[in-house]
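Student: Sequence and predicted model, in that order:
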Amino acid sequence: MATLQTRASARLMMTPAVVLLLLWMAVPLAMTLYFSMLRYNLLMPGMEEWAGTLNYRFFLTDPAFFTALANTLLLVGGVLLISVGGGIMMALLLDQPFFGQGLVRLMVIAPFFVMPTVSALVWKNMLMHPVNGLFAWISRTFGLQPVDWFAEAPLLSIVLIVSWQWLPFATLILLTALQSLDSEQKEAAEMDGAGSVSRFIHIVLPHMARAITVVVLIETIFLLSVFAEILVTTNGGPGIQTTTITYLVYVQALLQFDVGAASAGGIVAVVLANIVAIFLIRLIGKNLD
Amino acid sequence: MARAVPTRTKLGFTILGWLVGFLIFFPILWTVLTSFKTEGTAIATPPQFLFFAWTAENYIEVNARSDYFKHFANSVIISVGSTLLGLLIAIPAAWAMAFSPTKRTKDVLLWMLSTKMLPAVGVLVPIYLLFRDSGLLDTRLGLTVVLTMTNLPIIVWMLYTYFREIPGDILEAARMDGASLAKEIVYVLTPMAVPGIASTLLLNIILAWNEAFWTLNLTAAKAAPLTAFIASYSSPEGLFWAKLSAASTLAIAPILILGWFSQRQLVRGLTFGAVK
């Protein structure tokens, strides 16, 4: 049993981590909250004044906010659809025995380790370029008009790039879940005459449900913060067609130096992320017991 | 028991599996191939796949023109530094939570995790201003500290899930034999915990290496790691595909190899033990 002494030392050992994280979370967040209620622009130092809820009203009624919110939802939703849908199929495929399975698995998870700026630039230039890109060449080979990806469908282009980065994550986790499925259960169902489709729907899918939920929640949290891919490909444009909430806050803070509005936007982003985070924390918490 | 699979089915899945795997891997392969082309060959139509005059000049050029290895060194220093610093803070905390759990341990763990879910953009403004006023902007130290803090929850969690699997009885036995806390850690816990610590180290180096929000916003020329350096190719040098490819290949190769070694730990680390 833990003695009083070990309990005291345990508390001591936890202190640095807890205190540092508390500072890291509370201090900047409190500052953001405070700034969000000031009229504060870095280009006009010394002119700060109390603004109450003005920044929020400004941020939330700005048409750019609605576009950014819609773009954020489309980006997150699109990537989730492709990466989770594709991930389920990839996991089912990789679960089958075939020659060179290990090597294919390594190829499939590779995109996850590519830094965001590299994957965005490689896709934008070498694959999606309307004249010299590989996709354009493939289109022309089949006698089709090449697609000018970033001009015609900028948000979709970003969705595709980000999906490529996250497909491996979904695949790997769903495959792990799939492999923990008791094969006897599958075989029993097979002997009872269940076809592969009904086996998938009634046995495999329910077994994977929790893993799918985990993937959706974790990806959502990371996807709400997608930034580099937008910065290096479109700068949020054309116009604001690819501006997400994260990118909008960045523009207001570091390009327009409007600390007040950017802080209000930051708080809005925190609230949005928290809605997802609550579900995820609950799910993980249940698993801890 | 696994059943014998008909050879024809297995062959079919082999072809399908390799095809899909190849397609997903292709952008990386294409980057590596392009890095060995001249700029002219790189944009040629039809594209040259294998039969072109291979050259290593892009690698030489990238180094000569842009001080590539300074950025590479920045990436190494920042990712390894922040991971080691994180481990130093997290190991005692995870040890305490795994071996002397209290009623509040679970709450503390979940709270730590919730800090990871705070979107970076929510604290961008104050961190930027604090860094500007304390001279930490564009310094490796500043970035190392930020990445330590952003990854600390993951480090604590991963270590916790590993430590929890170490049988507590062994520690009890050591304590009975009169081992002090320090001895307990050095002689009993450490050897059993090393694999878990190593996995945590690997995964966090990967995460820190590829981090592309803080590295882009808090650095300029001096402390920029590879993420930020590659971003500088977005314009107008993005037109130089072969050089972009060479710089990219060097930037992703080391971490891709580390990643392949740690694929098992990845699942555990990134799902916080929710999927094993």
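Tutor: Structure's in. What do you need?
Student: can I have stretch A:125-143 written out in CSV, keeping just the CAs?
Tutor: Listed in CSV are the C-alpha atoms of stretch A:125-143, where the atom choice follows Å, rounded to 0.1, in the frame of the first residue of the first chain:
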residue,chain,number,x,y,z
ASN,A,125,3.0,22.0,-57.8
MET,A,126,4.1,18.6,-59.0
LEU,A,127,0.7,16.9,-59.0
MET,A,128,-2.0,19.5,-59.3
HIS,A,129,-0.3,22.1,-61.5
PRO,A,130,-2.7,22.8,-64.5
VAL,A,131,0.1,22.7,-67.1
ASN,A,132,3.0,20.6,-66.0
GLY,A,133,1.4,18.7,-63.2
LEU,A,134,1.0,14.9,-63.3
PHE,A,135,-2.7,15.0,-63.0
ALA,A,136,-2.9,17.4,-66.0
TRP,A,137,-0.8,15.0,-68.0
ILE,A,138,-3.1,12.1,-67.0
SER,A,139,-6.2,14.1,-68.0
ARG,A,140,-4.7,14.9,-71.4
THR,A,141,-3.7,11.3,-72.0
PHE,A,142,-7.3,10.4,-71.7
GLY,A,143,-8.3,13.3,-73.9
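Student: and it, how far out from the chain's middle?
Tutor: In terms of Cα atoms, centre = their mean, to the nearest Å, the centre of stretch A:125-143 is set 28 Å apart from its chain centre.
Student: Okay, buried residues for the longest helix along chain B please.
Tutor: What stands out as the longest helix in chain B, according to DSSP state H, is helix B:68-99. By neighbour count, with 16 or more other Cβ atoms under 10 Å in any protein chain shown as the criterion, the buried positions of helix B:68-99 are B:68, B:71-72, B:74-83, B:85-87, B:89-99. Quick note: C-beta positions are derived from backbone N, CA and C, even for glycine.
Student: If I follow the layout properly, B:Tyr68 ends up in contact with B:Lys243?
Tutor: No. With contact taken as Cβ atoms under 8 Å, B:Tyr68 and B:Lys243 are classed as non-touching, separated by 10.2 Å.
Student: sorry, back to before: keep the buried residues of helix B:68-99, but drop any that are not near chain A.
Tutor: Among those, the residues that sit close to chain A (Cβ under 8 Å from any Cβ of the partner chain) are B:89-90, B:92-93, B:95-97, B:99.
Student: quick revisit: show me the common contact partners of B:Tyr68 and B:Lys243, please.
Tutor: Counting by Cβ atoms under 8 Å, 6 or more residues apart in numbering or on different chains, the residues touching both B:Tyr68 and B:Lys243 are B:Val62.
Student: Now do the strands in the stretch 1-150 of chain A.
Tutor: In the stretch 1-150 of chain A, the strands defined using DSSP state E, counting those that start in this stretch lie at A:38-39, A:49-50.
Student: Parallel or antiparallel, list what pairs with the first one.
Tutor: The pairing partners recorded for strand A:38-39 under DSSP bridges are strand A:49-50 (antiparallel).
Student: Give me the average confidence score over the strand it pairs with.
Tutor: Strand A:49-50 carries an average pLDDT of 80.
Student: Over to stretch B:160-167?
Tutor: Over the span of stretch B:160-167, the pLDDT mean works out to 84.
Student: again with stretch B:224-244
Tutor: Computed over stretch B:224-244, the average pLDDT equals 80.
Student: distance between it and the chain's centre?
Tutor: A distance of 20 Å separates the C-alpha centroid of stretch B:224-244 from that of its chain, computed with Cα atoms, centre = their mean.
Student: Span of it from start to end?
Tutor: Counting by Cα to Cα, to the nearest Å, the length from the leading to the trailing residue of stretch B:224-244 is 17 Å.
Student: Next, the buried residues of it.
Tutor: Using 16+ other Cβ under 10 Å as the test for burial, stretch B:224-244 gives B:224-234, B:238, B:240-244.
Student: From these, which land in helices?
Tutor: Cross-referencing the buried residues of stretch B:224-244 against helices under DSSP H gives B:226-231, B:241-244.
Student: Just name the closest of those residues to B:Ile15, please.
Tutor: Using Cβ to Cβ, B:Trp241 is the member of these that sits closest to B:Ile15, with 31.5 Å.
Student: how close does that closest one sit to B:Asn210?
Tutor: According to Cβ to Cβ, to the nearest Å, B:Trp241 stands 22 Å off from B:Asn210.
Student: tell me the pLDDT at B:Met1?
Tutor: The score at B:Met1 is 42. That number is its pLDDT.
Student: So A:Leu248 sits against A:Ala68, correct?
Tutor: Yes. Counting by Cβ under 8 Å, A:Leu248 sits close enough to A:Ala68 to count as a contact (4.4 Å).
Student: Which neighbours do the two have in common?
Tutor: Residues touching both A:Leu248 and A:Ala68 (Cβ under 8 Å, 6+ apart) are A:Ile240.
Student: give me every residue that touches B:His71.
Tutor: Applying Cβ under 8 Å, 6+ apart as the definition, the contact partners of B:His71 turn out to be B:224-226, B:228-229.
Student: hmm, back to that, now tabulate the ones in helices among the buried residues of stretch B:224-244 in JSON lines and tack on distance to chain A.
Tutor: JSON lines is the format used below for these (distance: Cβ to the nearest Cβ, whole Å):
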{"residue": "B:Leu226", "distance to chain A": "7"}
{"residue": "B:Thr227", "distance to chain A": "5"}
{"residue": "B:Ala228", "distance to chain A": "8"}
{"residue": "B:Phe229", "distance to chain A": "9"}
{"residue": "B:Ile230", "distance to chain A": "4"}
{"residue": "B:Ala231", "distance to chain A": "5"}
{"residue": "B:Trp241", "distance to chain A": "6"}
{"residue": "B:Ala242", "distance to chain A": "10"}
{"residue": "B:Lys243", "distance to chain A": "11"}
{"residue": "B:Leu244", "distance to chain A": "6"}
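Student: With respect to B:Ile255, which of the residues you listed is nearest?
Tutor: Within the set of these, B:Leu226 lies nearest B:Ile255; the separation is 9.3 Å, counting by Cβ to Cβ.
Student: From B:Thr144, how far out is that closest one?
Tutor: When Cβ to Cβ is applied, the distance between B:Leu226 and B:Thr144 equals 15 Å.
Student: got it, and B:Ser134?
Tutor: When distances are taken as Cβ to Cβ, B:Ser134 and B:Thr144 turn out to be 14 Å apart.
Student: Looking at the two, which one has more neighbours?
Tutor: With other Cβ atoms under 10 Å in any protein chain shown as the criterion, B:Ser134 and B:Thr144 differ in neighbour count, and B:Thr144 comes out ahead with 22 against 10.
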